[in-house]
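Chemist: Coordinates for the following, if possible.
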Amino acid sequence: MTAVQVSQGSWTQHAYPVGEERKATSLNGQAEVKRNKLKAEGLEKDSKHRAYILRIRMRNFLPYDDTTIRPGPRLNLVVGPNGSGKSTIVSAICLGLAGSLKIMDRGKSASDFIKNGKNSGSIEIELSQPHGKKVTILRKMKKNEKKSEWFMNGEPTQEKQVAEFVKEQNIKLDNLCHFLPQEKVVEFAKLADRPQEMLIKVEEAVGPPHMRDDHEELIKMSEAASLNARSFESKQNQLKELEAKRETLRVAIERYKQVQDLKQLLEIVEKKICYIQLEAVRVEYTKRKNAVKALKDELEVKKRQYEEKRSELSLLKQNMKKARQNSSEHDKKLRNRQLEIESLLTTIIDLERDSKNLERSIRGKEKEKEMQEEKIRRLEKELNELKDKRLLKREKPANLDEELKENQEKYSKAMRTLKGTEAAGETLKAEREKCRSEVQQKEAELKNHLSVFERKTRSLKNSRPDIYRAYEWIRENQDRFSEKVYGPVFLDINVKQKEHADYTEAVLGRDMDSFVVQNRQDREILTTEMNKPNSPLKPITLYTMPPGARTSNFERKTQTLDSKVLQAYHITGSLLDVVDAEQPMLQWLCSEKMFHRILLGDSVTWQKRNELAEGREFRHEDPRTKKFRHLVAGDGLYTPNGSFRVNFSIHGSRNMLFTSSDVRPSNRLIVGDDSENERKNQEIQRCREKLQELNQQVDENQQLEDQARAALNAAGNELKKIKDLVVQFDSKALDNQIKEKEKVMKMEANKKPLQGKDELVARLKKVLQRRKDSCKEVADAVRTCAELHMQQVASVLEAEPLEKKYKQVEQEEGSIKSQYNTLKENYDQEHDEMQKIKQRMDTLRRDMPEISEEDQEAFRNLEEGEEELERKRDKLKEDISKLGIQADRQAEFDMVKSQIEELSGELSNFASAVEEEKKKLERKKKLWLDGGDRGNPNRQVGLREIVEKINECFSDSFQRMGNVGEVKLLEKKNKWNEDDFANYAITIMVKFREEQELLPLDGRVQSGGETSLSTMLFLLSLQQITRCPFRVVDEINQGMDIHYEKAVFEKIVEWSCREDTSQCFLITPKLQGNLLANVRDHISVLCVFKGRDLYTDQEGWVL
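Modeler: Below is the predicted model:
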């Protein structure tokens, strides 16, 4: 046994034998494990002497792209879940062998079976004929075309020739015993309720070729014989009637005068009735006319009320619009104030920093004064010490001069470092002031500039408030997602030119308002919120970023094309080049909308579009799929004059499809971008960063300055110590040092370290005052924001009653409109009724017979009402009908007499002809029912013998299951006890329980499983006594329990072991466990699944 997996996602078939060998093969015939194994075991010997299906290939046929099925020569079980495409295989067999669509009750034409999105499809069936011959039938279908192309063994042919070939192979697709699709399974099961049709199907399925014709001939002969017998009897009755009529005519002639009197009275009565009816209709017409006039007046009143409500709605709408505008203006002022507050807070922070720097400088001046006083005290002390040392005199050390020189160099170096640090500090402070002024200026410029994003956001809020609510919810709950959620799409993309906006909106279409998430976790969060009642996310369309989109390198098509081609056809780039968005959004546009492959051109490109489409150098064949595509315009090419695209049919590059269309102007995307605002924001941010960096550098420079000053002081102290030592050993130098100390002390006393302190204090006061003023401005701005917020709330509150009033008036308007429509319907109905009555009145006037004065006089004698007159008229007609005498009754009497004489002669000759027809019918009946002489090897098989064989197989099958079943031939008689061949029937008798009697198979008596079991066993019984290339049964096991299904399957396996068994296709959605435990290798299992990602590891399969 071989199992076959047909997968509609990957479009591959896996075949392997159950047990040890599990080797995968492809649907396209790359390996044929099943057929090799069958050949090895000799199970194909009988297949060389009969026809059967070798291969079925479906391309673009319903769910299949390109799938090949290689069924076995015996039993083929097609297994798969509902909707996976099992019955599509049945449809392919029927359509591929020129079967009628009525057989399946699916589709109006063959093109309806082409896969969605495809322009053509095909079915290819390879048949094995006796003695090993093979015939391949190919049917090609095209979308929106009723006719198909047919090929036999690669040669073109006609459907009629294919149908004749199929008929020669004894393939009967219209016979439910041979071909039972899913749509006809129930119909075949219902044949048990129509035993006459069951007999016809059995004759067509298992009888000799002429048996059905013999049956039809018997029906015609019996009908003719019955007709002759009835005709003979009729003629006898006719003779009796003529004789009776002759007697009647004698009496009728005498009553002629009486009839004439009755007719005259009838004419007067009918005229009086017409006169009464006309008067009644005229009164009804007047009544209806008055009612129509009253309804018309009421309609005018309702119309005026409706127009008043419409005017009131228009006024309310204007007021609501004004209130919304006020709210929008307040909102804008509020945002401007908030920006102003942010700027003021930044200024306050800067002023706070400046005040601290000034305070630090003032403290430095004070510290410098303290250091001066300390230095003077130290100099006085040192001067006193020098004067004391002048009295002493010691020997000078050898290295003292070198130490003096080295310390002088250190002191000079420390002095240069301090001066450089002080100069750098002044430069940094000047640069900081300049940077602060620049930030304030740019912030003021940015405050009054409205961004493109804000304009698009306002447009979204006004045009699609539902999408705007979803956008606001996502923005407020962005922290709930692991990655940024983008959308609506048109908010996250920018284009700088109008024509590029037209192209972008044409490609995106309805997805302009879609949202994009970057992972499945975020999608689940959004989906959960969308499913909540009253969720603001209800109306959105959600996309998930494809798994490989973020790692894919979306190469622009312009990078793969020759630069000469781009220049020749004026191709300027791809759509991706003119769209600005964040990287994840650009990746989504490429993966979903192919922005990197859609090219852009100009008017020259449009003029050369035909040349570009027909250029053979741009036609590329995919070596894997063998499909053609256009290298330039295959994904679309947009120009200011329109867009066009070139596609190719699956049959080759000759079938080219060129489509072009106009590009509609965009009405959602706003041309421009926020690059200027972003640039200014970036500049402000850079300036702020630079300002922060300068503040940091000033602080660091101050630290360096302090360190340099400390180093200078240390070097000075060290130098002073060395100089003091030198002085100790040189009296002249000591005197010079004393003079220098006195000079230094005098210079130090003349210094004014507090000079400039007052200016710094004044600057500090100004900075503090500016900070105070800025804080006051912030407080004022906050109060203004509060007032603007209150005004905005007031605008909203003002709009709420307007909206409530608008809804109320709108409901009143709807109510008035509904009343108006009801009145209009009543008016139209009354008007139509009035017109009908008028037409009836006109008709009565037109048909009214002329009334003479004599008639008027006669009317006075008829005082009855209309009903009494009608009863009287009916009574007169009845009396006249009873009399029924014409003016020429005597001539009729003579004619009847001659007919009686002629009919008597015919009856004597007709009796012998009827008897001869009865004998001929009996001979034909015996041959049809009992067949020819049993001693003749070429004799005709009779119907009774066929039914006996069917009954033998059917009864044996039921007996093995512990039930009782019979198949009987019902030979019907008509009411004249003659053979009623048209109502001859086959009935199936079943008994499933001991306490029951043997009953006819009936879907209303037996269960669905019992009916399916009986039907399947009956079909298998037919199979044992007939020969045909193949049979198809679609889901006959529906409704069976496990016991019956297993029993039927084992019976099918048993009969499929025989050498003379036909190929069989059994369609079923499931197989019960352990059903395949004891089967042989002549059974094939076709497993059909549907999906893109399927489990392909067959090692775990156990059938």
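Chemist: So, low pLDDT: which residues of the stretch 651-800 of the chain?
Modeler: Screening the stretch 651-800 of the chain residue by residue with the criterion pLDDT under 70, one finds the ranges 651-658, 672-678, 724-734, 737, 751, 753-754, 792, 796.
Chemist: do the stretch 451-600 of the chain as well
Modeler: Along the stretch 451-600 of the chain, the model assigns pLDDT under 70 to residues 451, 548-553.
Chemist: Let me see the contact set for residue 94.
Modeler: Remark: with contacts taken as Cβ atoms under 8 Å, 6 or more residues apart in numbering, residue 94 is in contact with 103-104, 173, 179, 181. From N, CA and C alone the C-beta is placed, and that goes for glycine too.
Chemist: which stretch of helix or strand covers it?
Modeler: helix 86-96 (DSSP states H and E).
Chemist: Give the next helix or strand downstream of that helix.
Modeler: Using DSSP H and E, the helix or strand that directly follows helix 86-96 along the chain is strand 120-128.
Chemist: ok, and what's touching that next one?
Modeler: Outside of strand 120-128, the residues within contact range by Cβ under 8 Å, 6+ apart are 47-48, 51-61, 73, 92-93, 95-97, 113-115, 134-143, 169, 649-651, 1029.
Chemist: Please repeat the previous calculation with a cut-off of 7 Å.
Modeler: 47, 51-61, 92-93, 95-97, 113-115, 134-143, 649-651 (Cβ atoms under 7 Å, 6 or more residues apart in numbering).
Chemist: Among those residues, which ones are in strands?
Modeler: Counting by DSSP state E, the contacts of strand 120-128 place 52-61, 134-142, 649 in strands.
Chemist: and residue 830, how many neighbours does it have?
Modeler: A count of nearby residues for residue 830, using other Cβ atoms under 10 Å, gives 18.
Chemist: ditto for residue 164
Modeler: Around residue 164 there are 12 residues (other Cβ under 10 Å).
Chemist: Let me see the ranges of the helices in the stretch 151-300 of the chain.
Modeler: Listed in chain order, the helices of the stretch 151-300 of the chain (DSSP state H, counting those that start in this stretch) span 159-168, 182-189, 195-206, 211-254, 256-389.
Chemist: Quick one: closest of these to residue 912.
Modeler: helix 211-254 (10.8 Å; Cβ to Cβ).
Chemist: tell me the angle of that closest one relative to helix 195-206?
Modeler: Regarding helix 211-254 and helix 195-206, their directions subtend 150 degrees when assessed with axes from the mean of the first three to the mean of the last three Cα atoms, to 10 degrees.
Chemist: Please name every helix or strand in contact with helix 211-254.
Modeler: Where contact means 3 or more Cβ pairs under 7 Å, 6 or more residues apart in numbering; DSSP states H and E, helix 211-254 is packed against helix 195-206, helix 889-930.
Chemist: tell me the average confidence for it?
Modeler: Averaged across helix 211-254, pLDDT comes to 80.
Chemist: from here on, count from 258
Modeler: Okay, residue one is now 258; in that scheme the one you just asked about reads as helix 468-511.
Chemist: between that helix and helix 513-646, how many degrees?
Modeler: Between the axes of helix 468-511 and helix 513-646, defined by the same axes, to 10 degrees, the angle is 130 degrees.
Chemist: tell me the angle helix 468-511 makes with helix 1146-1187.
Modeler: Between helix 468-511 and helix 1146-1187, the angle formed by their directions is 160 degrees, by the same axes, to 10 degrees.
Chemist: picking up where we left off before, I'd like to know which of the ones in strands among the contacts of strand 377-385 are buried.
Modeler: Applying a neighbour-count criterion of 16 or more other Cβ atoms under 10 Å, the buried members of the ones in strands among the contacts of strand 377-385 are 309-318, 392, 394-399, 906.
Chemist: Run through the stretch 358-507 of the chain and note the low-pLDDT ranges.
Modeler: Judged by pLDDT under 70, the stretches of the stretch 358-507 of the chain that qualify are 433-434, 439-446, 449.
Chemist: Surely residue 674 is in contact with residue 965?
Modeler: Yes: in this structure residue 674 lies within contact range of residue 965 using Cβ atoms under 7 Å: 4.7 Å.
Chemist: if you count what's nearby, which of those two comes out ahead?
Modeler: Here residue 674 and residue 965 are set side by side on neighbour count (other Cβ under 10 Å), and the busier one is residue 965, at 20 against 17.
Chemist: Helix or strand: which one has the more buried one?
Modeler: For residue 965, the enclosing helix or strand under DSSP H and E is helix 932-985.
Chemist: Tell me the first helix or strand C-terminal of that helix.
Modeler: Later in the chain than helix 932-985, the nearest helix or strand by DSSP H and E is helix 988-1007.
Chemist: counting contacts, what elements does the following helix or strand past that next one pack onto?
Modeler: Heading C-terminal from helix 988-1007, the first helix or strand you meet, by DSSP H and E, is helix 1014-1104. Taking 3+ Cβ pairs under 7 Å, 6+ apart as the contact definition, the neighbouring helices and strands of helix 1014-1104 are helix 513-646.
Chemist: packing partners for the helix it packs on?
Modeler: Contact partners of helix 513-646 among helices and strands, from 3+ Cβ pairs under 7 Å, 6+ apart: helix 657-704, helix 932-985, helix 988-1007, helix 1014-1104, helix 1110-1118, helix 1123-1140.
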